[in-house]
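> prediction below, plus the sequence it came from.
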Amino acid sequence: MRSIELDLGEMLARASGGRDQQEQHRQTPDDVLAITLKEISARYAAGNPFKVGELITPRKGYGIKGEGRPHVVVEIAEKPLVPGETNSGSPDFGARLDIRVICEQCHLHAYWNESWQFERYTGPVAEV
């Protein structure tokens, strides 16, 4: 019977789907990253700039599906929802969900999100 030697590091690298390569690919030069982070901080501090009925789209590179596609603001939270307030291990921990949007991803659906991750939609709009 043949024995198979397994290397835990190799197994983890394969299981991660090449995460290290993805992280290296996403590295932004520090000077550009510093400007980007300052811009995000200002946008976050300013709060929600959108109104109900306005067309918006997720900003590129923020990991939200539908970049460049229209979403519509259907509700603005009077007080932002903060999910996962007691679970710091949750990816939503500390999120400030202040807008509810509807978009199409296989079907139309609504969800809450953070306004700082969106921008105004400037793509084509059909005339009705």
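Ah, there it is.
> centre of the chain to stretch 31-47, how far?
15 Å (CA atoms, centre = their mean, to the nearest Å).
> buried residues in it?
Arg43 (16 or more other CB atoms under 10 Å). Quick note: C-beta positions are derived from backbone N, CA and C, even for glycine.
> who touches it?
Defining contact as CB atoms under 8 Å, 6 or more residues apart in numbering, one finds that stretch 31-47 is touched by 28, 96, 98, 115-116.
> and which of the residues you listed is nearest to Gln105?
Closest approach between the contacts of stretch 31-47 and Gln105, by CB to CB: Ser115, at 19.1 Å.
> enumerate every residue touching that closest one.
47-50, 98-99.
> measure it to Asp92 for me?
Counting by CB to CB, to the nearest Å, the gap from Ser115 to Asp92 is 15 Å.
> farthest-apart pair in the contacts of stretch 31-47, please.
Thr28 and Asp98 (26.3 Å).
> so these two - more neighbours on which side?
Between Thr28 and Asp98, counted using other CB atoms under 10 Å, Asp98 has the larger neighbour count: 21 against 12.
> pretty sure the more buried one is in a helix, no?
No - Asp98 is assigned strand when assessed by DSSP: H, G, I helix; E, B strand; the rest coil, not a helix.
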